[in-house]
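1. give me a model of this one.
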Amino acid sequence: MPDSPAANLLTDPAAVAALLDDIGVFLARWKTASLATVDEAGRPHAANVQYASIRRDSRIELFYVSNETSAHSRHIAHTGQVAMTIYAHVRRPDHIHGVQLHGNAAPILRDTPEWDAAWHVYSRRYPFVLLPPLRQRIAAETFYRVTPAWVRFVDNRKGFGFKRECDIRP
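-> The predicted model follows:
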C-alpha cells in the first residue's frame with residue numbers, strides 16, 4: 001500500500017494521463033532501475049537492472065533481461081510481486097526526482113509474439129545488444145515484464161517531498 005496521504009493520489013483521468021506522460025519522459029531518459037523482491041522467507045532483495053519501457057494507453061510496461069536462476073527471478077517465480085525505483089543521478093537533495101512503483105512481474109515465454117515485442121522494445125533502446133556476441137547472450141536469457149499497479153513521481157525540484165501518484169491497475 002502506498003505510504004503517502006490520499007491528497008497525493010490522483011484519480012482525475014486527465015491528471016493521471018499527465019502523470020503517466022511525465023513518467024514516460026523520465027523513463028526514456030534514465031536506464032537503470034533498482035528492482036526489489038522478497039524471498040520465500042520474507043527477506044528483501046534488491047538488484048539493478050537495465051530496463052526499456054513502453055506506454056500502452058493508461059498502462060506502463062517495463063522490460064528487462066535476466067537469468068531465471070538469479071535470486072530476483074526465483075523470487076518473482078514465487079510471488080510475482082516487485083517494487084522498482086528509477087532515479088535521476090543528481091548531487092543535490094533539492095534536485096532529487098524519480099519514479100517509484102510496485103506491481104507484478106513475470107517472465108515472457110520465448111518464441112511468442114510477446115517475446116518478440118519485448119526484444120524489439122529492448123533492442124531499440126539498447127542497439128548494442130544486436131551485436132555479437134551480446135545478441136546470442138541476451139537471446140539465451142529471459143525477458144521479464146513489469147506491470148505496475150501503482151506509480152509515484154517524486155520531484156524535489158518542485159518542492160522538498162513533492163510527489164504525485166496513481167493506481168494503474170489493469
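2. my read: residue 98 touches residue 29, true?
-> No - with contacts defined as C-beta atoms under 8 Å, residue 98 does not count as touching residue 29, sitting 10.6 Å away. (C-beta placed from N, C-alpha, C; glycine too.)
3. neighbour-wise, which of those two wins?
-> Neighbours were counted for residue 98 and for residue 29 using other C-beta atoms under 10 Å; residue 98 has more, 21 against 8.
4. enumerate every residue touching the residue lying closest to the more buried one once chain neighbours are set aside.
-> Excluding the flanking residues, the one nearest residue 98 by C-beta to C-beta, 6 or more residues apart in numbering is residue 87, at 3.2 Å. When contacts are counted by C-beta atoms under 8 Å, 6 or more residues apart in numbering, residue 87 touches 30, 96, 97, 98, 99.
5. again, 10 Å this time
-> Applying C-beta atoms under 10 Å, 6 or more residues apart in numbering, we find residue 87 in contact with 26, 30, 32, 33, 34, 96, 97, 98, 99, 100, 154.
6. of all these, which comes closest to residue 160?
-> Closest to residue 160 out of those is residue 96 (8.9 Å), distances taken as C-beta to C-beta.
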